[in-house]
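Engineer: Next come a sequence and a model predicted from it.
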Amino acid sequence: MTGAQPSNSGRRRFFARAAAAAGLVLAPGVVLLTTKAKAAATGPRWGLLIDLNKCPIDCSECVTACNDENGLKGHGRPLTDAQWIRKVDVRDPASKREWSVPVMCQHCEHPPCVDVCPTGASFQRDDGIVLVDKHICIGCRYCMMACPYKARSFIHEDLTDQKPHAPRGKGTVESCTLCVHRIDAGGQPACVERCQGIATGAMTFGDLNDPDSAIARRVATYATRRIRDDLGLAPGVYYQGL
Amino acid sequence: MNQSIYREVQGWGAGTWALFAGFGLVVLLALLSAWTMEHNGHYVTGMNNQIVWGLPHVFAVFLIVAASGAINVASMASVFGRTPYKPLARLSGLVGAALLIGGLAVLVLDLGRPDRLIVAMTTYNFKSIFAWNIYLYVGFLAVIAVYLWFQMEWRMGRYVAVAGWVAFIWRLVLTTGTGSIFGFLVAREAYDSALMAPLFIAMSFSFGLAVFALVLAVACAGSGRDIGNFIVERFRRLLGIFIAAVLYFAAVRHLTNLYASEHIGVEHFLLLSGGVHTALFWLGQVGVGGVLPLVLLYAPIDIGARMRLLWSSAAVVLGGLAHVYVIIIGGQSYPLSLFPGMEVRSSFHDGAVASYAPSWPEVGLGIGGFAIAGLIVAAGIKALRFLPESLGDRVTDPHYRPPAAVAAE
């Protein structure tokens, strides 16, 4: 019995030190996680608003701007050539009304492409932009199967004359980056710039989390819709007049 | 019932050489096909931005689904205590592992970047069912390896039942995972169904037993070993039940879809207006893969039990490939519904039914998966003791009595 006392206190000391060491190791991680979560909650959520009343059927300046900016050149093979943004002609068979809808990656809040990607190559930034890490994309195309918007393209052949800010790779999947290189430099996507510059000004880019931004004010004021909102993916692209 | 004696296939006859050479040649052609696709890019295949998974995936999914089914023959012995299947348990494990390796090889060689296999093996997104499947597939091979070791090493014999249970549960989870690859795709109307998992499990039972029966027939015929009527009769009844189960789940899947008006479009496409997909559904999946083998197995026609089993197994394999084709290619051919109820068209083929024409490299790669599996099985039974010396009724039938004894009564 006499020997039990020092042995117990030694064990207590051991556990106390172990707990302190574990706390020391884990604490920075906990703090980092907290900081990251706060940043995500309070940071920007980039989005687009497209006013279809101002988007004519015969205008495809946004598509041209995207192709120029990101070096997208077709090989004359429409089935396999990449398209990051396209104009979709939509017609209501009942009312005969028609729309021309620019469709690109919708940068969903809950992106299925990110969920299904086995390696995590499809990922979402804290500001809501959904991207593909070309270094770890294995080209399985499961994200293309999962995307409800047909927003992604697989690179089917060799590429030349790539833009340094938009690296691409044969055998990997890609889609609209929302011109992340421009946004990170304080600019806006090429399609929006072109639309506002020489086209009709149908596209608005901005921070949906900032109630004072033009896009947030318009989304709050006018009736807008998001494509396949019923799927609950909370896309970052809003459409007015659809 | 006597204890089975397992033997390697002796000697190197012309038939053995021809078998290995044939499989080897097809594997080489598959590698050439894969190289063609990777070197030029996937534009040389029939796949495109509309049909993103093509014929290689049809073969790969068939092989993977059949792999988990082939192991069921061993489960019948270890898990359900059906001793007649015990002599077949080793071969069952070998065929299961071989089919899985063949399927995975096709899947990997079709990747846009197969050179990044190491990335797929080391970088995981655990929210992805694909990532889980990598664990399930590799784990399946490990479980089978242990299962085979316990069966072949007499000192470990007492653990065979435990290993059998693990293999059985693992294979059920694995096929659930494979079916869920499609079941989780909410965007695609043809998939988005929890029924995909049990459907795939039923398919695995049927495809796996059919492939196993064909492998067994070739292996025994090639090595001069006999198969008794008892085991043939057991296989015949089992295969019939499995085929009926596949037809049942396929019918429930389509009928439940027809009940939901949002899915009527895709069902109309697959069942009535889908051209080659409709033909493959009714003639391939239902006709060759379901009705024909059931007739062959059960109808009072004058062909022997072995022929019934062999022809129906071949029909199940062909019909099964058609079934997987309709699921994978047919499901993608129907356009995504971006704007429900609207007429849609674009330069990116929105709103249009996608066409798909498989290319030769895809065919070569897909068939190569079968050849890889065949090569592994052939090498296995040639070098190791997988195949019993006899599968005659004396070995498999627990109530066997020699004909002389029966005659004496």
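Structural biologist: Received the coordinates, thanks. Numbering: from 1, shown residues only, chains lettered A, B, ... in the order given.
Engineer: burial count for whatever residue of the stretch 101-250 of chain B ends up closest to chain A?
Structural biologist: For the stretch 101-250 of chain B and chain A, the shortest gap (C-beta to the nearest C-beta) falls at B:Gly112, measuring 1.8 Å. Where C-beta positions appear, they are placed from N, C-alpha and C, glycine not excepted. B:Gly112 has 23 neighbours, counted by other C-beta atoms under 10 Å in any protein chain shown.
Engineer: Domain map for chain A?
Structural biologist: A:1-42, A:43-240 (automatic domain parsing).
Engineer: Give me the nearest residue to the residue of the stretch 101-250 of chain B closest to chain A, chain neighbours excluded.
Structural biologist: A:Gly139 (1.8 Å; C-beta to C-beta, 6 or more residues apart in numbering or on different chains).
Engineer: pretty sure the one you found contacts A:Ser153?
Structural biologist: No - using C-beta atoms under 8 Å as the test, A:Gly139 is too far from A:Ser153 to be in contact (11.9 Å).
Engineer: what touches both of those two?
Structural biologist: A:Val173 (C-beta atoms under 8 Å, 6 or more residues apart in numbering or on different chains).
Engineer: near chain A, which residues of the stretch 251-400 of chain B show up?
Structural biologist: Counting by C-beta under 8 Å from any C-beta of the partner chain, the stretch 251-400 of chain B comes close to chain A at B:332, B:336-350.
Engineer: if we can go back for a sec, so who does the residue nearest to B:Gly112 touch?
Structural biologist: A:Gly139 neighbours (C-beta under 8 Å, 6+ apart): A:154, A:171-173, B:111-113, B:116.
Engineer: Mark which of the residues you listed are buried, thanks.
Structural biologist: A:154, A:171-173, B:111-113, B:116 (16 or more other C-beta atoms under 10 Å in any protein chain shown).
Engineer: from the residues you listed, which single one is nearest B:Leu148?
Structural biologist: B:Leu111 (29.1 Å; C-beta to C-beta).
Engineer: Test my guess that that closest one contacts A:Cys137.
Structural biologist: No - B:Leu111 is beyond contact range of A:Cys137, at 9.7 Å (criterion: C-beta under 8 Å).
Engineer: and the helix or strand A:Val88 falls within, which residues are buried?
Structural biologist: Element membership for A:Val88, per DSSP states H and E: strand A:85-91. By 16+ other C-beta under 10 Å, the buried positions in strand A:85-91 come out as A:85-91.
Engineer: Endpoints of stretch A:87-104, how far apart?
Structural biologist: End-to-end distance for stretch A:87-104: 9 Å, by C-alpha to C-alpha, to the nearest Å.
Engineer: contacts for that stretch?
Structural biologist: A:50, A:52, A:55-57, A:59-60, A:62-63, A:66, A:84-86, A:149-151, A:175-176, A:191, A:203, A:227, A:237, A:239, A:241-242, B:338-339, B:341-348, B:350.
Engineer: Check for me that A:Phe123 belongs to a strand.
Structural biologist: Yes - counting by DSSP: H, G, I helix; E, B strand; the rest coil, A:Phe123 falls inside a strand.
Engineer: Quick one: residues contacting it.
Structural biologist: Counted by C-beta under 8 Å, 6+ apart, A:Phe123 has contacts A:114, A:117, A:130-133.
Engineer: which element follows the helix or strand hosting A:Val101 toward the C-terminus?
Structural biologist: Assessed by DSSP H and E, A:Val101 sits inside strand A:98-104. Where DSSP H and E defines the elements, the next helix or strand beyond strand A:98-104 is helix A:112-116.
Engineer: List the buried residues in that following helix.
Structural biologist: A:112-116.
Engineer: could you dump those to CSV with distance to chain B and pLDDT?
Structural biologist: Formatted as CSV, the buried residues of helix A:112-116 follow (distance: C-beta to the nearest C-beta, whole Å; pLDDT from 0 to 100):
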residue, distance to chain B, pLDDT
A:Pro112, 7, 96
A:Cys113, 10, 97
A:Val114, 8, 97
A:Asp115, 5, 96
A:Val116, 5, 96
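Engineer: tally of neighbours for B:Ala21?
Structural biologist: That count, for B:Ala21 with other C-beta under 10 Å as the rule, works out to 10.
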